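Colleague: What follows is a predicted protein model with its sequence.
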Amino acid sequence: MPRSNAPDLPGLLSRLNGRMREDDHWGDVAAYIPQLAHVDPHQFGIAVVTADGTCHVAGDSEVPFSVQSITKVFTLAIALGRSGDQLWQRVGREPSGRAFNSIVQLEQEQGRPRNPFINAGAIVTTDEVLGHRPPREALAEIVQFVRAAAGTDDIHINDAVAASETAFGHRNFALAHFLASFDNLKNAPELTLGTYFHHCALEMSVRQLAMAGRFLVDAPGLPRLVSAGRIRRLNALMLTCGHYDGSGDFAYRVGLPGKSGVGGGILAIVPGQASIAVWSPGLNRYGNSHKGTEALAILARQMGWSIF
Ligand SMILES: NC(=O)CC[C@H](N)C(=O)O
């Protein structure tokens, strides 16, 4: 009997939801994207898909939220599918120890971002996915990949969020132009960023996100979109880099590969056993969901889930 079917998971999720709502420290929503600053922080949802394909949910599990940087996992999978290991000439595989939008290492390291999950690295993988196509085509491929992974067509880009980020995206413009100055962008910064802002503005509920994460679990009954070797490598990068300068703390507390977004979502993977999505819009000092991290730490402990 796999451990994923062990202690009454639905009951556990429901108690976890209650416990998260008792404590009134919710963290602060991301204010640098005006559309996200309006989101009510007092929300919490969780979904777990186990290896047998069952999805258990609790809390605000059907509310679509801005998945933001969690899409970097999907764009990385697509970029590796298109370019293979050549991608690593343009972007590294080391934790940055810096905030997600930091620019300092880019100058020191001649325009090769530390990893694909910080903004500079994700701008490079987006540029790779874009190739020399119109952004609309690349976005269609990304949305199609996410929909196929989730098993539903009801996943959309929120254009107002993309526009809001474009209007205030001075940091990301700076990063993209810096990359271009080191000859590490194939497209005009505006085109690559337009694609990046739009895929970050994808919206999903935790149910949809947990379903979309199934391809990273590598269990016989779950959809397989990339090879087993690539699944392991995506998970390795999620563990070491998925929470930016909070990645070590997340590994210490949760013990699972995970990817966060400033919309307050986290996708975490229990290899061979489960795909977990949590969402609570208030963030901690690293820009990762405060209650999402708390909830994952408790769930992992209670289920005995850890890669260690
Ligand atoms: N950490 C995040 O989710 C950041 C993504 C956001 N779109 C940005 O570029 O700033």
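Modeller: Structure received.

Colleague: wait, doesn't Cys120 sit right on Pro113?
Modeller: Careful, residue 120 is Ala and not Cys. Yes. Using Cβ atoms under 8 Å, Ala120 is in contact with Pro113, at 3.8 Å. No exception for glycine: its C-beta is placed from N, CA and C like everyone else's.

Colleague: any shared contact partners between the two?
Modeller: Residues touching both Ala120 and Pro113 (Cβ atoms under 8 Å, 6 or more residues apart in numbering) are 106, 179.

Colleague: Which one's more surrounded, the two?
Modeller: Ala120 (30 against 27; other Cβ atoms under 10 Å).

Colleague: number of nearby residues for Pro116?
Modeller: 28.

Colleague: Contacts only, for it.
Modeller: Residues near Pro116 by Cβ under 8 Å, 6+ apart: 72, 76, 79, 87, 91, 122, 124-125, 237, 241.

Colleague: ok, these vs Asn172, which is closest?
Modeller: Nearest to Asn172, judged by Cβ to Cβ, of the contacts of Pro116 is Ala122 at 9.5 Å.

Colleague: tell me which element the closest one is part of?
Modeller: helix 119-130 (DSSP states H and E).

Colleague: what's the answer for Gln35, then?
Modeller: Assigned by DSSP H and E, Gln35 belongs to helix 34-37.

Colleague: check whether that helix contacts the ligand.
Modeller: No. Judged by Cβ under 6 Å from any ligand atom, helix 34-37 stays clear of the ligand, getting no closer than 9.0 Å.

Colleague: Render the CA-only coordinates of that helix in PDB, please.
Modeller: Extracted in PDB, the C-alpha atoms of helix 34-37 (Å, rounded to 0.1, in the frame of the first residue of the first chain):
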ATOM      1  CA  PRO A  34      -0.900  46.500  -8.900                       C
ATOM      2  CA  GLN A  35      -3.500  43.900 -10.000                       C
ATOM      3  CA  LEU A  36      -2.100  41.500  -7.300                       C
ATOM      4  CA  ALA A  37      -2.100  44.200  -4.600                       C
END
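
Colleague: so what secondary structure elements neighbour it?
Modeller: For helix 34-37, the elements it packs on are helix 159-167, judged by 3 or more Cβ pairs under 8 Å, 6 or more residues apart in numbering; DSSP states H and E.

Colleague: in the helix it packs on, what's buried?
Modeller: 161-162, 164-166 (16 or more other Cβ atoms under 10 Å).

Colleague: ok, now stretch 249-259?
Modeller: Neighbour-count burial for stretch 249-259 flags 250-251, 253-259 (criterion: 16+ other Cβ under 10 Å).

Colleague: Equivalent analysis for stretch 9-20, please.
Modeller: Quick answer for stretch 9-20 (16+ other Cβ under 10 Å): 9, 12-14, 16-17, 20.

Colleague: now do stretch 24-40
Modeller: Neighbour-count burial for stretch 24-40 [16+ other Cβ under 10 Å]: 26-27, 29-30, 33, 35-36, 39.

Colleague: Please apply the same query to stretch 143-155.
Modeller: Buried residues in stretch 143-155, counted by 16+ other Cβ under 10 Å: 143, 145-147, 149-150, 155.

Colleague: Check the gap between Leu13 and Trp279 for me.
Modeller: In this view, Leu13 and Trp279 are 13 Å apart by Cβ to Cβ, to the nearest Å.

Colleague: again, but for Leu267
Modeller: 10 Å.

Colleague: any idea what sits nearest the residue most central in space within the chain, other than its immediate chain neighbours?
Modeller: The chain has Ile70 as the residue nearest its centroid, 1.5 Å off, counting by Cα atoms, centre = their mean. Spatial nearest neighbour of Ile70, excluding adjacent residues (Cβ to Cβ, 6 or more residues apart in numbering): Gly261 at 4.3 Å.

Colleague: Just give the number of residues close to the one you found.
Modeller: Counted with other Cβ under 10 Å, Gly261 comes out at 29.
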